[in-house]
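Enquirer: turn this into a structure:
(one chain, ligands or ions: 2)
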Amino acid sequence: MKKEIAFIFDLDGVIVDTAKYHFLAWRNLANELSFEFTEKHNELLKGVSRVRSLEILLSIGNVTLTEAQKQTYLVKKNTEYLGYVNQMTAEEILPGINQLLDFLDQNNIKYALGSASKNAPLILEKVGLYNRFSAIVDGNDVSKAKPDPEVFLIGAKKLNMKPENCIVVEDAIAGVEAANTANMVSIGIGDAELLKEATYILNDTSGFTTDFLQKILN
Ligand code: BG6
Ligand code: MG
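Expert: Ligands and ions are numbered 1, 2, ... in the order given. I've put the predicted structure just below:
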């Protein structure tokens, strides 16, 4: 390996597929407010904070709520979401992720978490990955949400790495934008058209083959 590098991982949609649980909880809330919420709508909430997600959801349904009502719905949504999260096990780690973390460990490459989720530490504990990360930056640590680069810049700092030597793995457009603004290398996971701003794009996490890793690290 030519230079010291580090990885910063998004959580939802990269390490685990929690987007499906966010979707179920947001859809129930929308149905309660008498409007439809589709998987396509759900794409707009990926990488976005909980509060901002509610705002987007309400604009989809053209619904106006008081601040107090918003707080009630935010708690309700998160309570339902946590019901799913509490059932999670290591089985839900996405394909290729355990092998990727093993590869990074074997090559002494540090890695951090950079997630918008306030539930990130709990999810990592549930799937047994909490202790593997050198640093965890989550929704409780940031004041500015992605696409602001704050979450990744804090991650780089915690790893004691320069931003340009960090590689971010992201499934959200906002996350790829945040990584690029932070002057980091970005690996987009998902639709190549949506994530076209990423430095590299993989269809899914099983694309982290040794060949791919050797290519990007050399
Ligand atoms: C992001 C998800 O990782 O975390 C978003 O992609 C979610 O969909 C956000 O809204 C906040 O998550 P939480 O767990 O704090 O509600
Ligand atoms: Mg994500």
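
Enquirer: near ligand 2, which residues of the chain?
Expert: Residues of the chain lying close to ligand 2 by C-beta under 5 Å from the ion are 10, 12, 13, 171, 172. Heads up, the C-betas are built off the backbone N, CA and C, glycines and all.

Enquirer: export only the CA atoms of stretch 180-200, formatted as PDB.
Expert: Extracted C-alpha coordinates of stretch 180-200, given in PDB (Å, rounded to 0.1, in the frame of the first residue of the first chain):
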ATOM      1  CA  ASN A 180     -16.900  14.900  -2.100                       C
ATOM      2  CA  THR A 181     -17.200  18.300  -0.300                       C
ATOM      3  CA  ALA A 182     -14.900  17.000   2.400                       C
ATOM      4  CA  ASN A 183     -12.300  16.300  -0.300                       C
ATOM      5  CA  MET A 184     -12.500  12.500   0.400                       C
ATOM      6  CA  VAL A 185     -12.700   9.600  -2.000                       C
ATOM      7  CA  SER A 186     -16.300   8.300  -2.200                       C
ATOM      8  CA  ILE A 187     -17.600   4.900  -3.000                       C
ATOM      9  CA  GLY A 188     -21.300   4.900  -3.800                       C
ATOM     10  CA  ILE A 189     -23.300   1.800  -3.200                       C
ATOM     11  CA  GLY A 190     -26.400   1.500  -5.400                       C
ATOM     12  CA  ASP A 191     -27.800   3.000  -8.500                       C
ATOM     13  CA  ALA A 192     -25.000   4.300 -10.800                       C
ATOM     14  CA  GLU A 193     -27.200   7.000 -12.200                       C
ATOM     15  CA  LEU A 194     -28.300   8.400  -8.800                       C
ATOM     16  CA  LEU A 195     -24.700   8.200  -7.400                       C
ATOM     17  CA  LYS A 196     -22.900   9.400 -10.400                       C
ATOM     18  CA  GLU A 197     -20.900  12.000  -8.400                       C
ATOM     19  CA  ALA A 198     -19.100   9.200  -6.500                       C
ATOM     20  CA  THR A 199     -15.500   8.400  -7.300                       C
ATOM     21  CA  TYR A 200     -16.300   4.700  -7.500                       C
END
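
Enquirer: what comes into contact with that stretch?
Expert: The contact list for stretch 180-200, computed with C-beta atoms under 8 Å, 6 or more residues apart in numbering, reads 8, 13-14, 43, 147-149, 152-153, 156, 163-164, 166-171, 173, 175-177, 179, 201-205, 207, 212, 216.

Enquirer: before we move on, back to that, the residues of the chain next to ligand 2 into TSV, with extra columns for secondary structure and pLDDT?
Expert: Listed next are the residues of the chain next to ligand 2 as TSV, based on DSSP: H, G, I helix; E, B strand; the rest coil; pLDDT from 0 to 100:
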residue	secondary structure	pLDDT
10	coil	98
12	strand	95
13	coil	94
171	coil	94
172	coil	92
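
Enquirer: appreciated, that's everything.
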